[in-house]
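Asker: What would the 3D arrangement of this be:
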Amino acid sequence: MDVNAPHNPWAGEVSLVVDGQVYACKLTLGALAELEAALGTDTLVELVKRFESGAFSTRDVLVLIVAGLRGGGWQGSARDMVGAQIEGGVVRAAEAAAQLLARAFAAS
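Answerer: From the prediction side, this is the model:
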């Protein structure tokens, strides 16, 4: 399986391999609300701008990945990701986070 290919691109999903298991990540409305709460912001516009400019933080990547995993049905939390191994490392995690944002706000 090509882990860079989404499970279902029309549904905004992004594939991510965590601890050897492939997950479908998606920013659902509930996941976006969790993301806003985790970032302590009223809007996601600043987060999108940070990713567009390349000025995002590792915290930004972590909360996006956790929100996407939870939107895909995962039951874990950010604490569970501390020791997790993401295939492709930090670079793949940042790519997946950016893809999640782009797909969540893409016009259908």
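Asker: If we go by neighbour counts, what in the helix or strand where residue 93 lies is buried?
Answerer: Per DSSP states H and E: residue 93 is located in helix 89-104. Buried residues in helix 89-104, counted by 16 or more other CB atoms under 10 Å: 92-94, 96-101, 103-104. Glycine gets a C-beta too; all of them are placed from N, C-alpha and C.
Asker: cool, stretch 74-86 as well?
Answerer: Buried, per 16+ other CB under 10 Å, within stretch 74-86: 74, 81, 86.
Asker: Return the set of buried residues in the helix or strand hosting residue 37.
Answerer: If you go by DSSP H and E, residue 37 is part of helix 29-39. By 16+ other CB under 10 Å, the buried positions in helix 29-39 come out as 31-32, 34-36, 38-39.
Asker: before we move on, the earlier item: quick one: which of the buried residues of stretch 74-86 sit in helices?
Answerer: residue 81 (DSSP state H).
Asker: So for residue 45, what's the pLDDT?
Answerer: Here the pLDDT value assigned to residue 45 is 83.
Asker: What's the local residue count around it?
Answerer: 9 (other CB atoms under 10 Å).
Asker: what does residue 15 give?
Answerer: Residues near residue 15, counting by other CB under 10 Å: 20.
Asker: quick one: average confidence on the helix or strand harbouring it?
Answerer: Here residue 15, judged by DSSP H and E, is contained in strand 14-18. The average of the pLDDT scores along strand 14-18 is 94.
Asker: what do you get for stretch 97-108?
Answerer: Rounded mean pLDDT across stretch 97-108 is 83.
Asker: what's the offset of that stretch from the middle of its chain?
Answerer: Counting by CA atoms, centre = their mean, to the nearest Å, stretch 97-108 is centred 10 Å from the centre of its parent chain.
Asker: which regions of this structure lie under the pLDDT threshold?
Answerer: Where the chain drops to pLDDT under 70, the residues are 1-7, 9, 41-42, 107-108.
Asker: Spatially central residue for this protein, please.
Answerer: The centroid of the chain falls nearest to residue 65 when counting by CA atoms, centre = their mean (3.2 Å).
Asker: what comes up buried for the helix or strand harbouring it?
Answerer: Using DSSP H and E, residue 65 maps to helix 58-71. Going by neighbour count (16+ other CB under 10 Å), the buried part of helix 58-71 is 60-71.
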